[in-house]
Structures are given as C-alpha cells and as structure tokens.
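Novice: From the sequence below, what's the structure:
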Amino acid sequence: MRFYLVDRIDEAFLGKYVIGRKCVSMSDDIFNEHFPSFPIFPGSLILEGLAQISGLFFEYMIVQQNLSQKRAALTLVNRMKYRRMVVPGDCLTYRADIKVFYPDEYAVVAVTATCEGKVCAEGELMFGFVDIMDAQMKEQAKRLMEKAFQNAKIIS
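Specialist: Purely as a prediction, here's the structure:
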C-alpha cells in the first residue's frame, strides 16, 4: 500500500466502533498535484482513510476471535457524501460504526470523517473477507495491525 491514511487509532470498542485520525499536512505527497495553488485533500483519499480504518478494525476483531486471519476487501461504497473541503492543517477524525459483521462473509460500517466537530464526509462501506494464503503476507498484515492498535484504547 502506498498511502497509509490513518495516523493512529485512538479507540476501538470491539463489535461496535473504531475511532482514529489523520492529520493533513502540506508535506503530504498529494499536494504536489492537487492543487499547487489551492491545496485540497481529495475526497477519494478521505474515503480510502475511512476504508483503511474500517478494514483494520475488522481484521483485528477476526484475530481477537481466534478465527483464521483474513484481509478485509472493500466491495461497496454506498451513500458517500462530502460535506466540507479538507485542507492542510486539518485533523480528520475517522469513525466507523459496525452495522453488520459476519467474519466468514461480509461486514458493513457507517463511516464519518469530521474536522473540529464538523462533518466532512459520511457514508456506508461494505467489505468482503479474503483468506490470506501467503505466510509473508500474513506476517506483514499482523505487523501492520499491531502497529496500528499499539496505543489504542481497546474496549471489549
């Protein structure tokens, strides 16, 4: 993955929700192109950040339930709306609330990105789960998950 769009996960309530953040900086690579004289953080990257935090959360819960390690794959974006522009200096708070979670089949989350209490983006994401066959990929996914959740407040 080229872009990690979640700086940290702050809180995870297993089976309910996850909250994390992304601090948007002028040094982010995207601003070389989008747009040099009027930098705006693309909505597609806000969506990607929401998908990353949601997918990591599902993968974490699967491991916590001692199930076979899987990758969460975004399969559907539903009712995604962008309400406010995001610019360098903004700190996005990502939140994903679980609506449906069947670890062997699929999951659905309601997602919101806010900045200073104002909604920037909201929608619903659906994920499918894929078995990880490659041992190296399993280890890489495990390291990423441990790093992402190392300082998070975990509520079970």
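Novice: which residues touch the closest residue in space to Ser156 that isn't next to it in sequence?
Specialist: The spatially closest residue to Ser156, leaving aside those adjacent along the chain, is Leu14, at 4.8 Å (CB to CB, 6 or more residues apart in numbering). Any C-beta I mention is one placed from the backbone N, CA and C, and that applies to glycine too. For Leu14, the residues meeting the contact criterion (CB atoms under 8 Å, 6 or more residues apart in numbering) are 61, 64, 154-156.
Novice: Name the member of those residues that has the highest neighbour count.
Specialist: The most neighbours of any of the contacts of Leu14, using other CB atoms under 10 Å, belong to Met61, which has 20 neighbours.
Novice: Counting neighbours, which bits of stretch 103-112 end up buried?
Specialist: Taking 16 or more other CB atoms under 10 Å as the neighbour-count basis, stretch 103-112 is seen to contain the buried residues 103, 106-112.
Novice: Over to stretch 18-35?
Specialist: 18-22, 24, 28, 30-31.
Novice: and the one residue sitting closest to the centre of the chain, backbone torsions?
Specialist: When CA atoms, centre = their mean is applied to the chain, the residue found nearest the centroid is Ile53 (2.0 Å). Main-chain dihedrals, Ile53, degrees, to the nearest 10: phi -70, psi -40.
Novice: how about the residue of the chain positioned farthest from its centre, phi and psi?
Specialist: Residue farthest from the centre of the chain, counting by CA atoms, centre = their mean, is Ser37 at 28.4 Å. Note on Ser37: its backbone torsions stand at phi -90, psi -10 [degrees, to the nearest 10].
Novice: measure it to Ile30 for me?
Specialist: According to CB to CB, to the nearest Å, Ser37 and Ile30 sit 15 Å apart.
Novice: and the host helix or strand of Thr75, what other elements does it pack with?
Specialist: Counting by DSSP states H and E, the secondary-structure element that holds Thr75 is strand 70-82. Using 3 or more CB pairs under 8 Å, 6 or more residues apart in numbering; DSSP states H and E as the contact criterion, the secondary-structure elements in contact with strand 70-82 are helix 43-64, strand 118-131.
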